[in-house]
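> Requesting a structural model of the entry that follows:
(chains A and B)
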There are 2 protein chains.
Amino acid sequence: VLKAEDQSALLGILGNEGLLCVGDYLAAYETAARYGAGIAAAVARPSDTSQVSAVVQYCVSKGLPFIPQSGNTGLVLGSTPDNSGAQIVLSLDRLRSPPQIDVANRSVTVAAGTRLSELNGCLEPHDLFLPIDLSADPMLGGMVATNTGGARFIKYGDMRRHVLGLEVVLPDRQGTTLALSRGLRKDNSHLDLRHLFIGSCGALGIITSAILEVHPRPQQTAAALVIPSADSTVMEILRKFETDAGDTLTAFEGISESAMRRTFAHIPSLRNPFGPAIPPYALLIELASSTRHRPGERSLEDFLQMLVMEMADRPEPLVTDAIFGDPAPFWALRHALSEGLRASGRIVGLDLSFHRNDVMRFRRVAIERLNEAFPDYEVCDFGHIADGGVHFNLVTRSNQPEDTTSSATRLRDYVLTLAVDEFGGSFSGEHGVGRSNQAAYDKFTPPSIQHYAGAISSLFSTAPAAAVRFGPRPLIGESNDQ
Amino acid sequence: VLKAEDQSALLGILGNEGLLCVGDYLAAYETAARYGAGIAAAVARPSDTSQVSAVVQYCVSKGLPFIPQSGNTGLVLGSTPDNSGAQIVLSLDRLRSPPQIDVANRSVTVAAGTRLSELNGCLEPHDLFLPIDLSADPMLGGMVATNTGGARFIKYGDMRRHVLGLEVVLPDRQGTTLALSRGLRKDNSHLDLRHLFIGSCGALGIITSAILEVHPRPQQTAAALVIPSADSTVMEILRKFETDAGDTLTAFEGISESAMRRTFAHIPSLRNPFGPAIPPYALLIELASSTRHRPGERSLEDFLQMLVMEMADRPEPLVTDAIFGDPAPFWALRHALSEGLRASGRIVGLDLSFHRNDVMRFRRVAIERLNEAFPDYEVCDFGHIADGGVHFNLVTRSNQPEDTTSSATRLRDYVLTLAVDEFGGSFSGEHGVGRSNQAAYDKFTPPSIQHYAGAISSLFSTAPAAAVRFGPRPLIGESNDQ
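Numbering: from 1, shown residues only, chains lettered A, B, ... in the order given. Presented below is the predicted three-dimensional model:
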């Protein structure tokens, strides 16, 4: 709980509606979207950048630990307070001045507390959108802080690619506010500090607003659920799509039988297009074009169908079956997977990333070894095959309680070691570094990188040096949803 | 000239073929591609990363200034030694192990001394390419160090977008070699130091190799020279292309009458498609598609023609004329402009960048004011309208010698002040910070950015603190061509 003196000082900065100290109001800020919860000393809700700066100044000068939070949709405890009860949540949810759209520059200035859905709602009348697709509806500040990727990465890239400018408040005694870049697309006139803050998970500073490049909305979309004839054909199918469909390819997602089976069983509203014979692996493939379909031209749907048929009609087919049609139900399945798995058992959720030609190989090896070593768990993976990302979820086969803490920790370490040390992968492809990934960060990040990352942190912060390293700090940010 | 002791130590590291000390051999390394020259103490040409590290170690420990250089095609004296004769050129031109292409991962590992044309030659049999287009043929190390953009930026982005991994040698006593990222597309597991070195112009470290994402080659291309009915319609034409042609739009370049007139006059091999009536402004517009043209479909060329015709057939036409046909001669004109202008007079060459809706407005204002204030110079600009970049060249109307040094300096400062202070633009959109841009860096870069950039430099370098700031240092890198 906050001392009376600190409470009145923060009230002086923020006003009554800007500071929450009572239990009931804190709960939403203390509970992570999917895993875990903590205890906040209070929630500070500044309404503009100067209030953010004033709160930071006060907290730094008094040595009060704080943790920035925007949508709190992250999965790695990056924006949720710990259990000490000492941390102040610095929520950005009132930084919500309306998006300022610059149609000619094809860009938009957004405040950190703006939801992705809200931004895209504002952009729609201009036929523009921010093409980051994910299951959650995070706020833009957290999306920049964690460099959100998502399911259409292969076409549109991550948040980094869209950030033309940033406003950042540093965790120093002055609450220094930096304006980094000015919305220009080309600017090689200085060291581009902007990119340090993108993906820094809140450890280097608090993102209060951003200038984002936005894109014309697709005018045509087509999708299919494609069943590869074997694991080993998946990369060949991808290559054929990249060669023949070029950059109309907007998604190439893989989904395991186990993930589909559990999701269909636990989310009854979802239509199962396969019936009882769920295939061992399915690909959700989407094409999109930003040009309109014109009379006399082949539709994108016909084009997709033709490409898939070419792969099926071979002496050694790459594809054994496919379902075409409205993309919406395919994406509904894709976006329901996390929820479905969670309902089906206890999850150890890992967000791995590989050279993309290693994904299917890793899967094979890992499943084989895990069936031996951790028979209580089933691998229920799905992921972004085209960019090498895989949400490698391990879910208990039964829902019976057991002493999972230690087995889950061992399992987690076992898989991460395999992924990083044997396959050269990453222990966090998209989700960022939060409390959940701290042990992995300490174990797998090369000491030289830890050294320089820590040194850079210290440059921007006047917190005591001991507290300053990239990773577990009072000041850490939010991570994005998968 | 190198002391005998240093010469023999460097010979010990590099062998005979790795160290050039004699005038004749130095010339190519002392002379910049287009503007300026200097005097080198020697040229060190390491043949692998460990030799780079050993040379750096030696130079740092002895306090010998050195300047990294790869293709030396830059335009801002970023890789050319100064006139002191004290600087050792650290050339990367022997770091040339053949590109290692990973077709499944759609990536390639390249050594810093590889030429862009050479890389693309190796990629062509796989129907892949690195889609950075520029007039020069730089080496990949310098392209990463200066974050090269170029003429197809609007579609493919800059070098930053393609770098999946980097190897860097730091200018410290150990010649520390860092491997940053490992070729993964998604990796949010640590502070992404890679992006600090991209575009750092050699000031933070020497890039010895990179893992780059490469792209499917376009299967169809169409281009036109389009004459807008007025300056004010240019942005509307761009918007229409972005809406209707979507991401098939690969280039949207503007060229002034003065730039074309001088180029046609001085490069006789170039065909002038306009005859004597060169229009006041022309747009080079290119569409490309990575899908093959299939029978029965409209060709990209027809599509381009249709879009342009729609813009011409209006009550108030956006376009008054257009030339369609083989893209090659259009690009030949575009890429000959720099050379043509150089042949036509003395140049003050500026590489500006704006919010893209400010480009045409800046042009109008600047031309008006410059005709008053600097009547000896003619504005001969061309640029990347779609990304806000403009090569704002000022060329003397006559070729007569005069005391240009001071007037050129005044002119430069006049235009940069207008661009940066009044229009919020950048004084170096693509070319980076080299000796030529040092005064601009000092004047226009906000002190807070200079402060943090300098502090970050010091982290990676053990050169004396006084010598360490972003910008003019013994250790600065190469900049790319326009």
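> Enumerate the residues of the stretch 51-200 of chain A near chain B.
Contact residues, the stretch 51-200 of chain A versus chain B (C-beta under 8 Å from any C-beta of the partner chain): A:102-107, A:127, A:146-147, A:149, A:153, A:157-158, A:160-161, A:176, A:178-180, A:182-193, A:195-196, A:198-200. No exception for glycine: its C-beta is placed from N, CA and C like everyone else's.
> 7 Å instead, please
A:104-106, A:127, A:146-147, A:149, A:153, A:161, A:178, A:182-193, A:195-196, A:199-200 (C-beta under 7 Å from any C-beta of the partner chain).
> Now list the buried members of those residues.
Applying 16 or more other C-beta atoms under 10 Å in any protein chain shown to these, the neighbour count classes A:105-106, A:146-147, A:149, A:153, A:161, A:178, A:182-193, A:195-196, A:199-200 as buried.
> which ones among the residues you listed are found in strands?
Counting by DSSP state E, these place residue A:178 in strands.
> Check the contact between residue A:252 and residue A:237; I expect there is one.
No: the pair residue A:252 / residue A:237 is not scored as a contact, 8.3 Å apart, by C-beta atoms under 7 Å.
> Show me whatever sits in contact with both of these two.
residue A:283 (C-beta atoms under 7 Å, 6 or more residues apart in numbering or on different chains).
> Tell me which of the two has more neighbours.
A count of neighbours by other C-beta atoms under 10 Å in any protein chain shown puts residue A:252 above the other of residue A:252 and residue A:237, at 26 against 21.
> tell me which element that one is part of?
strand A:249-256 (DSSP states H and E).
> Mind giving me the packing neighbours of that strand?
Contacts defined by 3 or more C-beta pairs under 7 Å, 6 or more residues apart in numbering or on different chains; DSSP states H and E place strand A:249-256 against helix A:153-156, helix A:234-244, strand A:281-289, helix A:327-344, strand A:382-384.
> Output the ones you listed as a markdown table; include the columns mean pLDDT and distance to residue A:460.
Formatted as a markdown table, these follow (pLDDT from 0 to 100; distance: least, C-beta to C-beta, whole Å):
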| stretch | mean pLDDT | distance to residue A:460 |
| --- | --- | --- |
| helix A:153-156 | 95 | 28 |
| helix A:234-244 | 95 | 40 |
| strand A:281-289 | 96 | 39 |
| helix A:327-344 | 94 | 34 |
| strand A:382-384 | 95 | 32 |
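> tell me, how many neighbours does residue A:169 end up with?
Residue A:169 has 27 neighbouring residues, counting by other C-beta under 10 Å.
> Residue A:394 too?
Residue A:394, neighbours per other C-beta under 10 Å, totals 25.
> ok so, going back, buried deepest among the helices and strands packed on strand A:249-256, which one?
strand A:382-384 (a mean of 27; mean count of other C-beta atoms under 10 Å in any protein chain shown).
> If you check the stretch 101-250 of chain A against chain B, which residue is the closest one?
As assessed by C-beta to the nearest C-beta, chain B sits closest to residue A:246 within the stretch 101-250 of chain A, at 2.4 Å.
> And for that residue, the neighbour number?
21.
> Contact partners for it?
Here residue A:246 is in contact with B:216, B:289, B:290, B:291 (C-beta under 7 Å, 6+ apart).
> pLDDT of the helix or strand containing residue A:363, averaged?
Element membership for residue A:363, per DSSP H and E: helix A:359-373. Mean pLDDT, helix A:359-373: 96.
> what sits up against that helix?
A:231, A:234-235, A:354, A:377, A:379, A:381, A:383, A:385, A:388, A:390, A:414-415, A:418-419, A:423, A:425.
> Where does residue A:394 fall, secondary structure wise?
strand A:389-396.
> tally of neighbours for the residue found closest to residue A:153 once you drop the neighbours it is linked to in the chain?
Excluding the flanking residues, the one nearest residue A:153 by C-beta to C-beta, 6 or more residues apart in numbering or on different chains is residue A:387, at 4.7 Å. Using other C-beta under 10 Å, residue A:387 has 26 neighbouring residues.
> any idea of the pLDDT on residue A:387?
As predicted, residue A:387 sits at a pLDDT of 96.
> ok, it touching residue A:151?
No: Residue A:387 is beyond contact range of residue A:151, at 9.5 Å (criterion: C-beta under 7 Å).
> Quick check: next helix or strand after the strand holding residue A:394?
Following strand A:389-396 toward the C-terminus (DSSP H and E): helix A:404-417.
> how about that following helix, does it reach chain B?
No: Helix A:404-417 lies out of reach of chain B by C-beta under 7 Å from any C-beta, never closer than 10.1 Å.
> ok, back up a step: and the contacts of helix A:359-373, which are buried?
The buried subset of those - by 16+ other C-beta under 10 Å - is A:234-235, A:354, A:377, A:379, A:381, A:383, A:385, A:388, A:390, A:414-415, A:418-419, A:423, A:425.
> Looking at the residues you listed, spot the one nearest residue A:313.
Using C-beta to C-beta, residue A:234 comes nearest to residue A:313 of the buried ones among the contacts of helix A:359-373, at 18.5 Å.
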